[in-house]
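**Q** sequence first, predicted model second:
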Amino acid sequence: MTAVIEVDHLRKSYGERVAVRDVSFAVDRGEIFGILGPNGAGKTSTVECLQGLRRRTGGNVRVLGLDPDTHGSQLRARIGSQLQSSALPARIRVEEAMRLFADLAPSAESPDVLLQEWDLNGVRRQAYHSLSGGERQRLLIALALVNRPEIVFLDEVTTGLDPAARRSAWSIIERVRDRGTTVVLVTHYMEEARRLCDRVAIVNDGQVVAIDTPSGIIAGSRRRAVVSFTCPYSTDLSWLTQVPHVAGIVRDGDSVRVEGTGPVAQHVASALLSRGIEVPDFSSEKGELEDAYLSIVKQGAIP
């Protein structure tokens with residue numbers, strides 16, 4: 001893979017307050033790269049430095065081979081952005097906003113094509129203030145793509161959306177990646193990161209404390225995972241203790257609870273099927289990434 005973003009010991013201070021202490025990571029072309037962390041961890045300051053919106057205090061940054069501090073204008077012509085505080089004038093109409101942004105981009109995508117692609121034709125004459133939360137998000141993402149960017153930065157784009165609108169936004173982000181655009185996604189939602197991101201970096205107190213695939217983060221945190229299913233009590237399952245990642249089995253009549261670490265669910269499911277045992281209600285407890293995230297943030301790094 002080719003790295004389109006390279007961050008080496010980034011530091012950003014505002015006077016005596018250090019917002020980004022020591023952040024290093026690389027983003028490969030074509031991936032969705034997530035940045036997670038508690039409020040005040042330095043996530044937004046980091047992505048703003050990557051876009052040349054704020055000058056870094058220290059470290060080295062290259063985005064598409066360019067230094068954002070010295071080639072900001074050149075870089076911004078090749079990237080798109082929806083900032084955490086993105087908004088438009090209340091009375092501007094959807095079509096007007098699209099054409100305004102297109103006029104500012106040297107090789108803009110057709111506004112009509114984007115309106116159609118992002119399902120905004122039906123509201124093209126509506127004012128921004130009259131749009132639903134989901135419609136606003138679709139419009140703001142479409143505006144971020146007007147200049148056909150190679151990288152798009154999305155900072156907490158689903159905050160405040162209802163579950164249906166959030167899932168619609170997830171589909172949009174996947175479509176952005178499918179266009180060949182690299183996505184840097186700042187989010188607070190673990191389910192969002194688990195579904196969308198190829199890799200995630202967890203930032204805490206201005207530092208990267210973990211970086212891996214979502215599954216790797218879960219496995220590396222060594223948090224317990226739980227698999228549940230029903231199986232006749234007469235069926236011998238004692239052999240499950242020998243399956244990789246299984247730590248123990250608890251049986252209560254026909255109910256079976258298997259505890260373990262990392263990808264225990266995949267190993268248990270495979271082992272059951274290999275012995276011809278099919279269970280109708282196999283399930284793995286949700287929230288594994290959230291548990292791993294909380295553990296990592298609390299301890300400062302993967303133990």
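**A** Looks like it arrived, so ask away.
**Q** show me where the protein has its strands.
**A** 3-14, 17-28, 32-36, 58-63, 79-82, 151-155, 182-186, 199-204, 207-212, 224-230, 246-252, 255-261, 283-284 (DSSP state E).
**Q** how about the ones you listed in TSV, adding mean pLDDT and mean neighbour count?
**A** To be clear about C-beta, it is placed using only N, CA and C from the backbone, and glycine gets the same treatment. Output for those, formatted as TSV (pLDDT from 0 to 100; neighbours: other C-beta atoms under 10 Å):
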stretch	mean pLDDT	mean neighbour count
strand 3-14	97	17
strand 17-28	96	19
strand 32-36	97	25
strand 58-63	97	17
strand 79-82	91	23
strand 151-155	94	24
strand 182-186	96	24
strand 199-204	96	24
strand 207-212	94	19
strand 224-230	84	18
strand 246-252	89	13
strand 255-261	87	19
strand 283-284	84	14
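**Q** mind giving me CSV with those and columns for distance to residue 112?
**A** Listed next are those as CSV, based on distance: least, C-beta to C-beta, whole Å:
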stretch, distance to residue 112
strand 3-14, 29
strand 17-28, 31
strand 32-36, 27
strand 58-63, 30
strand 79-82, 18
strand 151-155, 20
strand 182-186, 24
strand 199-204, 35
strand 207-212, 40
strand 224-230, 48
strand 246-252, 56
strand 255-261, 52
strand 283-284, 45
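**Q** and of those strands, who's closest to residue 238?
**A** Closest to residue 238 of these is strand 246-252 (C-beta to C-beta; 7.6 Å).
**Q** where exactly do the helices run in the stretch 151-300 of the chain?
**A** Taking DSSP state H, counting those that start in this stretch as the criterion, the stretch 151-300 of the chain carries its helices at 163-178, 190-196, 214-220, 264-274, 288-299.
**Q** closest one to residue 202 among the ones you listed?
**A** Closest to residue 202 of the helices of the stretch 151-300 of the chain is helix 288-299 (C-beta to C-beta; 5.5 Å).
**Q** got the buried residues for the closest one?
**A** Neighbour-count burial for helix 288-299 flags 288-293, 295-297 (criterion: 16 or more other C-beta atoms under 10 Å).
**Q** would you turn those into CSV with pLDDT and distance to residue 41?
**A** Output for the buried residues of helix 288-299, formatted as CSV (pLDDT from 0 to 100; distance: C-beta to C-beta, whole Å):
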residue, pLDDT, distance to residue 41
288, 68, 21
289, 81, 17
290, 80, 16
291, 76, 18
292, 80, 16
293, 84, 12
295, 78, 16
296, 83, 12
297, 83, 8
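**Q** farthest-separated two in the residues you listed?
**A** Farthest pair in the buried residues of helix 288-299 (C-beta to C-beta) is 288 and 297. Separation: 15.1 Å.
**Q** and the buried residues of helix 288-299, which is closest to residue 15?
**A** Distances from residue 15 to these, taken by C-beta to C-beta, are shortest for residue 297, at 25.7 Å.
**Q** contacting residues for that closest one?
**A** 37-38, 202, 204, 209 (C-beta atoms under 8 Å, 6 or more residues apart in numbering).
**Q** okay, these in a markdown table with distance to residue 218 next?
**A** A markdown table is the format used below for these (distance: C-beta to C-beta, whole Å):
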| residue | distance to residue 218 |
| --- | --- |
| 37 | 17 |
| 38 | 19 |
| 202 | 12 |
| 204 | 17 |
| 209 | 15 |
